[in-house]
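> Sharing a sequence plus its predicted fold:
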Amino acid sequence: MTSIIQLKNVSYRYPVGDEWVLKHITVDIKKGSFVSIVGNNGSGKTTLCNIIRGFIPHFHKGELDGTVILDGKDMNDYELGQLSEKIGYVFQNPFTQISGVKETVFEEVAYGLENLGVPVEEIYPRVEEVLTLVNIQDLREKNPFELSGGQRQRVALASIIVMDPEILVIDEPSSQLDPIGTDQVFEIIRLMKEKGKTIILVEHKMDLVAEHSDTLILLDEGVILVQGETRKVLSDPLYASANVQYPHVTEVALELQKAGVPLEFLPIKYAEIMTCFKTSVGGLTDD
Ligand SMILES: Nc1ncnc2c1ncn2[C@@H]1O[C@H](COP(=O)(O)OP(=O)(O)OP(=O)(O)O)[C@@H](O)[C@H]1O
């Protein structure tokens, strides 16, 4: 698979504070992959996202060591406009994303395309398509500031998707959402992955991470403790040492294992709970 983002020995410290908040980060993100970044509070997840999307060094100064390559070209050699076409960033807080200058959801979703100078006759069908995809057609005439947190989150996602970026960086989309809203938003993210987009997600809810991502990066105090295929990372003793959550199904299986129940493999998705015990617990089958 082709690489889309490569970080080579990247370290970063903010202008305020002496600490290097990211240390010797080397990452190779493949085109079309779904990468989740996990780690405890303050481990550097948002900072890493900001480097991946070029916000650091283009906006946030500070000291950045190492090399960041986006689609074969050094991040420093991109114009800001090129970056915003290539990478869409969905903020953790949808309030941050809403422009505040548009009076309806339709206009809000169209705003980015307008700024890019896309002709009106092209903007309309693109916005219509995305409103349907994200299932917010009914909100089109509403003021974005009258919406609930979950509705705003979907508008924020729509305003990024409409730009058709190759890479989506999404910071904790579930933080404002109830379980139904979360499922809806993850369904949209899944569709984006199916369309061939590269997804980079920060998420604390490990059930969602295990269900959706093919690659996992575990950050711990600014260093990558372990990274690779999601299942391998979750099975790695280094993951266990980091005091971060497992998916619920994995936690249950690990508890049972501690109590003496042998596992055939470590389940990471709900659908695997039956098969992981199949031969070891008599009668526990899905038929
Ligand atoms: N603008 C800033 N200036 C100075 N230090 C910062 C700034 N933003 C973050 N930091 C520091 O960088 C470190 C990493 O922060 P970051 O927000 O990247 O972590 P995180 O893993 O995303 O945390 P959380 O899960 O709480 O969102 C923390 O020690 C934080 O205090």
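Received it, and whenever you're ready, just let me know what you need. A quick note: this is a predicted structure, and the numbers were derived from the prediction, not measured.
> what about residue 212, neighbour count?
18 (other C-beta atoms under 10 Å). In short, each C-beta sits where N, CA and C put it, glycine included.
> The residue nearest to it when sequence neighbours are not counted: what's it in contact with?
Using C-beta to C-beta, 6 or more residues apart in numbering and skipping residues adjacent in sequence, the residue nearest residue 212 is residue 34, 5.9 Å away. Residue 34 is in contact with 193, 198, 199, 201, 212, 213, 214, 215, counting by C-beta atoms under 8 Å, 6 or more residues apart in numbering.
> Low-confidence regions, the stretch 51-200 of the chain specifically.
94-95, 97 (pLDDT under 70).
> any idea whether the one residue in it that gets nearest to the ligand is helix, strand or coil?
For the stretch 51-200 of the chain and the ligand, the shortest gap (C-beta to the nearest ligand atom) falls at residue 60, measuring 6.9 Å. Classification of residue 60 using DSSP: H, G, I helix; E, B strand; the rest coil returns coil.
> pretty sure it contacts residue 12?
No. Counting by C-beta atoms under 8 Å, residue 60 stays clear of residue 12, with 9.0 Å between them.
> Neighbour count for those two, which is higher?
The neighbour count for residue 60 versus residue 12, taken as other C-beta under 10 Å, is higher for residue 12 (23 against 14).
> The more buried one belongs to a strand?
Yes. With three-state DSSP as the criterion, residue 12 is assigned to a strand.
> and the gap between it and the ligand?
Distance of residue 12 to the ligand, given as C-beta to the nearest ligand atom, to the nearest Å: 9 Å.
> Contact residues of this protein facing the ligand?
Counting by C-beta under 6 Å from any ligand atom, the chain comes close to the ligand at 14, 16, 17, 21, 39, 41, 42, 43, 44, 45, 46, 47.
> Can you name the two of these that sit furthest apart?
Farthest apart among the residues of the chain next to the ligand by C-beta to C-beta are 16 and 39. That separation is 21.4 Å.
> The residue of the stretch 51-200 of the chain closest to the ligand - nearest residue in space that isn't next to it in sequence?
Per C-beta to C-beta, 6+ apart, closest to residue 60 is residue 50, 6.3 Å.
> Tell me how far that neighbour lies from residue 14.
Plainly put, residue 50 is 10 Å away from residue 14 if you go by C-beta to C-beta, to the nearest Å.
> residues making contact with the longest helix belonging to the chain?
In the chain, assigned by DSSP state H, the helix with the most residues is helix 179-194. Here helix 179-194 makes contact (C-beta under 8 Å, 6+ apart) with 32, 34, 133-135, 150, 153-154, 157, 161, 168, 170, 173-174, 177, 199, 201, 205, 208, 211-212.
> for that helix, which positions count as buried?
181, 182, 184, 185, 186, 188, 189, 192, 193 (16 or more other C-beta atoms under 10 Å).
> for stretch 124-133, same thing?
126, 127, 130, 131, 133.
> Please apply the same query to stretch 109-127.
Applying 16+ other C-beta under 10 Å to stretch 109-127 flags 109, 110, 111, 112, 113, 123, 126, 127 as buried.
> Just the ones of those residues in helices?
109, 110, 111, 112, 113, 123, 126, 127.
> The fifth one touches residue 123, doesn't it?
Read that as residue 113. Yes. Counting by C-beta under 8 Å, residue 113 does reach residue 123; the two are 4.8 Å apart.
> shared neighbours, residue 50 and residue 14?
With C-beta under 8 Å, 6+ apart, residue 50 and residue 14 have common neighbours residue 60.
> what's the spacing between the host helix or strand of residue 130 and its chain's center?
Using DSSP states H and E, residue 130 sits within helix 120-133. A distance of 24 Å separates the centroid of the chain from that of helix 120-133, by C-alpha atoms, centre = their mean, to the nearest Å.
> Just say helix, strand or coil for residue 16.
coil.
> Please work out how many residues are found near it.
6.
> With residue 159 as the reference, measure out to the nearest residue to residue 105 once chain neighbours are set aside.
Counting by C-beta to C-beta, 6+ apart, residue 105 lies nearest to residue 139, which is 4.7 Å off, once chain neighbours are set aside. Applying C-beta to C-beta, the value for residue 139 to residue 159 is 12 Å.
> Sweet, I'm off.
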